[in-house]
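>>> Model the structure of this input:
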Amino acid sequence: MRDLVTAFGGDLPRDAATGELLAWLDDFSDTHWNFRGRLGGAERDRIRVDLPPRLAAAALEAARGLGLTGSIEPPHDEYAHLLILGGLARACLQRTEHAARLAAARRIGAVAALGSRRPLGPEERAVVDADTEADALAVGVKAAFGADVPVLVAPPRDPGAPRANTADTYEHWAAQACPRADERILIVTTPIYVPFQHCDAIRILGLRYRCGIDTVGFDPARASTPQPPGAHGADRYLQEIRSAIRAARALHTAAA
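Predicted coordinates for the structure are as follows:
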């Protein structure tokens, strides 16, 4: 992170407390990496920012070091719950496929897919015959599991928000599933989102419900549905490094 900040002309504080450091990184990333904000909160697939080669290389190196690339195997053989997070249409198909692969090799108590009523864009509807993110998840779980897997549609906690975010879907699921403190939860998402969605899961499901949390991303090389152009762009990684910073800051605040 220090090398990345330096590449963008910053000087990461060396003696700041954790909360102060996360606040500094939040402000810095808002200035330099908040491409969604500059586009009025556009969906992630709308981000297209060309960076100089030097900055792009720094972003990709940081993404690798911070755990936004690649796929790892879950560390345990048994989980009480397997949660599949919704997202863009391709991701709904990729994540459900990977979740079914993981479930076939482990003891899983219950499976649920967590999504929202976000309408799919034209490019997404070309990938899957569905109208909303939740519909795309339903298509994915039916194809991957061949059995009924509940798709929970979360409302946004903020009445003014256009759709539920990741934290909203965790809250919605937990209110219905009532996980116990001794249960392990395995969460499946896309590698680039693992850090921020893991932090949110710890904040909501770990701190409040005392569950054990493991979050993994699917392996793009094994996915039947290919990644779209630009999915591994430096601009995408910078945006999600910012997401991870903000999620870590929210977790630190909640744990204080």
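>>> How much space separates Pro122 from Thr31?
Look at Pro122 and Thr31: by Cβ to Cβ, to the nearest Å, they are 32 Å apart. Glycine gets a C-beta too; all of them are placed from N, C-alpha and C.
>>> show me where the stretch 1-150 of the chain has strands.
Listed in chain order, the strands of the stretch 1-150 of the chain (DSSP state E, counting those that start in this stretch) span 78-85, 107-115.
>>> out of these, nearest to Asp11?
Nearest of the strands of the stretch 1-150 of the chain to Asp11, taken as Cβ to Cβ: strand 78-85 at 35.3 Å.
>>> Partner strands of the closest one, with direction?
Each strand that pairs with strand 78-85, with its direction, by DSSP bridges: strand 107-115 (parallel), strand 184-189 (parallel).
>>> Show me which residues of the first one are buried.
Right, the one you point to is strand 107-115. Within strand 107-115, the residues that count as buried by 16 or more other Cβ atoms under 10 Å are 108, 111-115.
>>> which residues are contacting that strand?
77-86, 92, 96, 99, 102-103, 132-134, 136-138, 140-141, 145, 149-154, 164, 169-170, 172-173, 177, 183, 186 (Cβ atoms under 8 Å, 6 or more residues apart in numbering).
>>> Filter the residues you listed down to just the buried residues.
Buried, going by 16+ other Cβ under 10 Å: 79-86, 92, 96, 99, 102-103, 132-134, 136-138, 140-141, 145, 149, 151-154, 164, 169-170, 172-173, 177, 183, 186, out of those.
>>> re earlier: including mean pLDDT, could the strands of the stretch 1-150 of the chain go into TSV?
Converted to TSV, the strands of the stretch 1-150 of the chain look like this (pLDDT from 0 to 100):
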stretch	mean pLDDT
strand 78-85	98
strand 107-115	97
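>>> JSON lines please, covering these and showing distance to Tyr209.
Shown next, in JSON lines, are the strands of the stretch 1-150 of the chain (distance: least, Cβ to Cβ, whole Å):
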{"stretch": "strand 78-85", "distance to Tyr209": "11"}
{"stretch": "strand 107-115", "distance to Tyr209": "15"}
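>>> now what about stretch 131-146, what contacts it?
84, 86-89, 92-93, 95-97, 99-100, 103, 111, 113, 115-120, 124-125, 128-130, 149, 151, 153, 163.
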